[in-house]
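Engineer: sequence and predicted structure below; questions after.
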Amino acid sequence: MSNLIEVKIPDIGGHAGVDVIEVFVKVGDTIEKEQSLIALETDKATMEVPSTHAGVIKEMKIKVGDKASEGDVVLLLEVSEAAPAPAAAAAPVAAVAAAPAAAAPAASGGVVEVKVPDIGGHAGVDVIEVFVKVGDVIEKEQSLIALETDKATMEVPSTHAGVVKEIKIQVGSKASEGDVILLLEVAATASAPAAIVTVAAPVAAAPAPIAAAPAAVVTAAPAASTAVNEVTFGKAHASPSVRKFARELGVDLGKITGKGPKGRILHDDVQSFVKSVMTSAVASSLAAPATGSGLGLDLLPWPKVDFAKFGPIESKPLSKIKKISGANLHRNWVVIPHVTFNDECDITELEDFRKTIGKEWEKSGLKLSPLAFIIKAAAEALKAFPEMNSSLDGDVLILKQYYNIGFAADTPNGLVVPVIKNVDQKGLKQITKELTELSALARDGKLKPTDMQGATFTISSLGGIGGTSFTPIVNAPEVAILGVCKSQIKPVWNGKEFAPRLMCPLSLSFDHRVVDGAQAGRFTVFLGKLLSDVRRLVL
């Protein structure tokens with residue numbers, strides 16, 4: 001017999017209305033008890049919600065972008081009343097070995113203190129995540145907390161298996177070697193059940209099927225790399241389960257660009273990376289350890305300099321936004337063959353119109369900026385040049401029939417790119433309203449993941465700063481990005497005389513695999529004509 005139960009959000013530390021940033025399962029999936037179902041993200045930490053039962057998913061009650069609180073129903077699960085959980089149920093296994101004797105809990109049982117081990121001489125390190133809670137049943141080597149120094153993020157594993165009785169540390173506190181993390185009640189039995197398999201170490205090469213595996217033969221997954229750089233692995237933005245999965249496959253997370261919210265590395269990203277390594281000679285060379293730090297390009301290693309020898313210095317860690325965006329920008333610059341086309345357009349009439357309309361709109365609290373016009377014009381230009389509104393997927397070009405424009409927003413922690421959706425269906429007033437609201441959220445660090453997803457084209461405006469041109473980096477998987485600098489009054493020949501005109505510099509960077517120079521030039525000129533004659537935008 002079977003029955004239907006509700007799987008709910010457990011105690012999540014008093015948080016309410018937490019963002020759902022990832023859903024790991026779908027209707028029809030057969031899941032195990034303790035299998036991760038969804039990922040939640042607060043302003044301080046990311047946490048995964050496990051299933052309380054094993055069974056088959058009949059209905060999902062939650063999705064990415066929702067807000068979740070304790071007690072909310074995640075899904076409806078059909079469970080079997082008679083069938084116990086399989087004895088050998090475990091996380092995906094890459095290598096199987098006999099559990100070492102040290103893995104067994106102490107023979108005497110009782111409550112033990114699990115402490116912060118040697119963390120490389122660091123003291124007063126920030127606790128940025130706590131992965132367990134009181135009442136959890138944990139395994140030896142299971143991650144308990146995540147610590148972040150100015151150079152790396154590290155996870156602290158448990159020294160024993162048992163039940164968590166008390167947590168002695170919390171997110172936001174400082175930790176040093178020897179500090180007590182939690183009190184753990186360990187069992188008095190001296191050996192682990194025979195069916196338990198233990199992941200021994202990251203796989204260094206593709207081994208043969210393991211003879212000692214249970215009746216259903218377990219074959220080790222092929223290795224994605226021959227070595228893991230612990231520094232880059234520790235800095236990667238990934239959840240504990242993804243980290244465990246990557247270690248089982250021998251994958252260095254530092255070599256993967258995450259496609260999840262805020263650049264988080266997902267299970268699918270790890271699987272895609274392994275697939276690309278196994279099927280592409282180029283990807284294999286990138287995954288193999290290079291002699292320098294050139295990702296297989298055999299470049300000289302990065303110079304190591306003791307800057308303090310030459311004068312006073314100050315060390316300042318990169319913000320989380322810069323760490324994530326830096327990795328994305330580096331990949332885009334290396335992989336995409338960039339070309340930049342520079343032009344300028346006459347926005348004299350547009351500026352006069354903006355000032356006139358802007359005075360009226362200011363009464364209702366709206367500030368009409370030139371960027372609103374450029375966003376509107378970009379959507380119209382993308383309609384006229386469909387390939388500029390596309391993405392490259394292998395040898396296939398995906399032409400999108402929606403027009404979502406991202407704009408680079410400068411914040412105290414670095415650049416973020418909010419997205420205005422369906423720009424072609426909105427007027428200047430609505431675009432201005434959303435531009436203002438998203439800019440404010442960006443400055444306050446309150447953008448949701450959904451606010452930064454789905455862009456088909458990006459605009460980076462330095463109009464408020466200055467400059468005459470620059471080379472913006474294409475924001476993959478888009479194929480083009482528009483850079484805008486400060487407009488200047490210039491003498492322009494009108495056929496009879498030089499007249500003062502307000503000229504706006506435009507810099508279009510594009511992916512030369514998709515867009516050729518002539519096409520980029522026509523697109524930019526067309527965009528300039530739209531901006532030069534404001535009537536084309538309001539019609």
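Structural biologist: Yes, it's here.
Engineer: use CA for all of it now, contacts and neighbours both
Structural biologist: Fine.
Engineer: regarding the chain, what is its longest strand?
Structural biologist: Using DSSP state E, we find that the single longest strand of the chain is strand 498-511.
Engineer: who does it touch, helix- and strand-wise?
Structural biologist: Under the contact definition 3 or more C-alpha pairs under 8 Å, 6 or more residues apart in numbering; DSSP states H and E, strand 498-511 sits against strand 338-346, helix 348-362, strand 480-484, strand 488-493, helix 517-532.
Engineer: alpha carbons of stretch 412-421, as PDB, please.
Structural biologist: Below are the C-alpha coordinates for stretch 412-421, written out as PDB (Å, rounded to 0.1, in the frame of the first residue of the first chain):
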ATOM      1  CA  PRO A 412      29.400  49.600  -3.900                       C
ATOM      2  CA  ASN A 413      30.300  45.900  -4.200                       C
ATOM      3  CA  GLY A 414      30.800  45.800  -8.000                       C
ATOM      4  CA  LEU A 415      28.800  45.600 -11.200                       C
ATOM      5  CA  VAL A 416      25.500  43.800 -11.500                       C
ATOM      6  CA  VAL A 417      23.200  43.500 -14.500                       C
ATOM      7  CA  PRO A 418      19.500  43.900 -13.800                       C
ATOM      8  CA  VAL A 419      17.200  43.000 -16.700                       C
ATOM      9  CA  ILE A 420      14.100  44.800 -18.000                       C
ATOM     10  CA  LYS A 421      11.800  42.200 -19.600                       C
END
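Engineer: quick one: residues in contact with that stretch.
Structural biologist: Outside stretch 412-421, the residues within contact range by C-alpha atoms under 8 Å, 6 or more residues apart in numbering are 319-322, 325, 403-410, 431, 434-435, 438-439, 442-443, 447, 451-455.
Engineer: would you mark the buried spots in that stretch?
Structural biologist: Neighbour-count burial for stretch 412-421 flags G414, L415, V416, V417, P418, V419, I420, K421 (criterion: 16 or more other C-alpha atoms under 10 Å).
Engineer: tell me which element the second one falls in.
Structural biologist: In other words, L415. According to DSSP states H and E, L415 maps onto strand 414-416.
Engineer: so what strands line up beside that strand?
Structural biologist: Note on strand 414-416: by DSSP bridges, its sheet partners are strand 409-411 (antiparallel).
Engineer: quick one: contacts of the partner strand?
Structural biologist: Contact partners of strand 409-411, identified using C-alpha under 8 Å, 6+ apart, comprise L415, V416, V417, P418, S439, A442, R443.
Engineer: cool, and stretch 20-34?
Structural biologist: Under the contact criterion C-alpha under 8 Å, 6+ apart, stretch 20-34 has outside partners 36-41, 50-60, 63-68, 85, 89, 260-261, 449.
Engineer: out of those residues, which are buried?
Structural biologist: Buried among the contacts of stretch 20-34 by 16+ other C-alpha under 10 Å: 36-41, 50-58, 60, 64-65, 67-68, 260-261, 449.
Engineer: lowest mean pLDDT across the helices and strands packed on strand 498-511, which one is that?
Structural biologist: When the helices and strands packed on strand 498-511 are ranked by mean pLDDT, helix 348-362 comes last with a mean of 92.
Engineer: same question for the next helix or strand after that helix, mean pLDDT?
Structural biologist: Next along the chain after helix 348-362, taking DSSP H and E as the criterion, comes helix 370-384. Helix 370-384 shows a mean pLDDT of 96.
Engineer: now the element after helix 370-384, going C-ward?
Structural biologist: Following helix 370-384 in sequence order, the next helix or strand is strand 390-393 (DSSP H and E).
Engineer: surely L447 forms part of a strand?
Structural biologist: No. Judged by DSSP: H, G, I helix; E, B strand; the rest coil, L447 forms no part of a strand; its state is coil.
Engineer: and it, how many neighbours does it have?
Structural biologist: L447 is flanked by 17 other residues according to other C-alpha atoms under 10 Å.
Engineer: quick one: pLDDT of the nearest residue to it once chain neighbours are set aside?
Structural biologist: Among residues not flanking L447 along the chain, L441 sits closest, at 5.3 Å (C-alpha to C-alpha, 6 or more residues apart in numbering). Looking at L441, its pLDDT reads 93.
Engineer: ramachandran angles for L441?
Structural biologist: Backbone torsions of L441, given as degrees, to the nearest 10, read phi -60, psi -40.
Engineer: how many residues are close by it?
Structural biologist: Applying other C-alpha under 10 Å, we find 15 residues neighbouring L441.
Engineer: same deal with the one 10 residues further on?
Structural biologist: Number of residues near D451 (other C-alpha under 10 Å) recorded here: 19.
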